[in-house]
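Engineer: test case, fold it:
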Amino acid sequence: MITRISLYDLKILIKGVIIMIKLKKFLGIALALTLSIGIVGCGKSTSGSDNTAEKQTKIIVIGVCPGPYGDMVKEAIQPVLENKGYKVSIKEFSDYIQPNNALANKEIDANLFQHTAYLQKFAKDNNLAISPVISVPTAGMGIFSNKIKSLDKLSNGAQVAIPNDASNLARALILLQKEGLIKIKDNIDQTKASQNDIIENKKDLKFVPMEAAQLPRSLDSVDIATITGNYAISAGLKFSSALKVEKLAENYKNVVAVRTEDLNKQLGKDLKAAVESKEFRDAIEKSNGEFKSFDKPQWYIDKK
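Structural biologist: Numbering: from 1, shown residues only. Just a heads-up that it's a prediction; the model follows:
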């Protein structure tokens, strides 16, 4: 049976078909645009994501202790790293223990405050996987006093403040031996010398071990104090007024340190390159700068 359709109904049907065709075309175009935008968006997102990831991995924190090495990072190392795309922040610690623990625990990415002898002993004693990257110009240990102007005036039974950490204690004893105040055993590794290794003490000196950070404050209560360079400088002591200043062995020159896993990765390579750069040397050699008189590492001398 053939159903008759009125002209009015036919018009409605045609309009509906036209609307459906137009809607189909619109949806097709919209879908195509969505896919195109998605593809372009994904391309930008990937590129942007890579850049963002790259920037995030290049945000680093460098730990220091009070004294000149925070300034060294800020003035001589940070600018070079930032030119390489890093964002650098500096975190200051109040003692020689926290910076290595923070490094091992991934709270910071590198540190600069200690010499190789201290780092190696601390890492071994505490089972930490941290390693030196490169040595930097370093202020030596000085013998300071608020009571005498010359070591010749040091009286019998005088009190001598010394660092209580093993590696800096050994440095102090070697310095005191060099000045003829004590004698330590010949058949030992002098970098590991302790008070038990003193075999001659003609002036009957009384040793007062304390944390390195406290040594500058001891000057009013002891006769002399052996103070590491960074704490001497941070306390405002002038090396020109020191009774004696040590000549540093290579393993007593401060180092940039990282976790051992990062030593041969990009971070370790970039830190080493920053210290070896011309910009670093220019900052160290400023005629009016605090680093110019520091004891230089052998690699630094050889590179001139």
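Engineer: going forward, measure contacts and count neighbours with C-alpha atoms only.
Structural biologist: OK.
Engineer: can you give me the helices in the stretch 51-200 of the chain?
Structural biologist: Ranges of helices in the stretch 51-200 of the chain, per DSSP state H, counting those that start in this stretch, are 68-72, 78-83, 98-104, 116-126, 166-178.
Engineer: per-residue confidence at the spatially most central residue of the chain?
Structural biologist: By CA atoms, centre = their mean, the mean C-alpha position of the chain lies nearest to residue 111, the distance being 2.1 Å. pLDDT recorded at residue 111 is 98.
Engineer: contacting residues for it?
Structural biologist: 62, 63, 64, 99, 100, 103, 256, 257, 258 (CA atoms under 8 Å, 6 or more residues apart in numbering).
Engineer: now swap in residue 135 and tell me
Structural biologist: So residue 135 contacts 115, 253, 254, 255, 256, 297 (CA under 8 Å, 6+ apart).
Engineer: got the contact list for the third one?
Structural biologist: Contacts were defined as CA under 8 Å, 6+ apart; by that measure residue 254 touches 112, 113, 114, 115, 116, 135, 136, 137, 138.
Engineer: of those, which belong to strands?
Structural biologist: In strands, defined here by DSSP state E, the members of the contacts of residue 254 are 112, 113, 114, 115, 135.
Engineer: could you check the pLDDT of the third one?
Structural biologist: Model confidence at residue 114, given as pLDDT, is 95.
Engineer: circling back to that earlier point, and the contacts of residue 254, which is closest to residue 284?
Structural biologist: Using CA to CA, residue 137 is the member of the contacts of residue 254 that lies nearest residue 284, at 8.0 Å.
Engineer: how near is the nearest residue to the closest one once chain neighbours are set aside to residue 290?
Structural biologist: Nearest residue to residue 137, sequence neighbours excluded (CA to CA, 6 or more residues apart in numbering): residue 296, at 4.4 Å. Residue 296 sits 13 Å away from residue 290, taking CA to CA, to the nearest Å as the criterion.
Engineer: so these two - more neighbours on which side?
Structural biologist: For residue 296 versus residue 290, the count of surrounding residues by other CA atoms under 10 Å is larger for residue 296: 20 against 16.
Engineer: so that one makes contact with residue 136?
Structural biologist: Yes - assessed by CA atoms under 8 Å, residue 296 is found in contact with residue 136 at 6.9 Å.
Engineer: tell me the pLDDT at residue 188?
Structural biologist: 89.
Engineer: same check, this time on the one 3 residues further on
Structural biologist: We have a pLDDT of 82 for residue 191.
Engineer: check contacts around it.
Structural biologist: Taking CA under 8 Å, 6+ apart as the test, what residue 191 contacts is 117, 167, 170, 171.
Engineer: likewise for residue 225?
Structural biologist: Contacts of residue 225 (CA under 8 Å, 6+ apart): 143, 144, 145, 160, 161, 162, 215, 216, 218, 219.
Engineer: show me where pLDDT drops low in the protein?
Structural biologist: Residue ranges of the chain with pLDDT under 70: 1-57.
Engineer: quick one, domains of it?
Structural biologist: For the chain, the structural domains run 58-138+251-302, 142-247, going by automatic domain parsing.
Engineer: what about residue 264, is that helix, strand or coil?
Structural biologist: coil (DSSP: H, G, I helix; E, B strand; the rest coil).
Engineer: and the residue lying closest to residue 63 once chain neighbours are set aside, bridged to which residues?
Structural biologist: Distance criterion CA to CA, 6+ apart; nearest residue to residue 63, sequence neighbours excluded, is residue 111 at 4.3 Å. Counting by DSSP bridges, residue 111 is bridged to residue 63, residue 257.
Engineer: how about the contacts of residue 254, which pair is most distant?
Structural biologist: Greatest spacing in the contacts of residue 254, by CA to CA: 116 and 137 (13.0 Å).
Engineer: next one: the closest residue to residue 101 other than its chain neighbours from residue 287, what distance?
Structural biologist: Leaving out its chain neighbours, the residue that sits closest to residue 101 by CA to CA, 6+ apart is residue 128, at 8.0 Å. Distance of residue 128 to residue 287, given as CA to CA: 39 Å.
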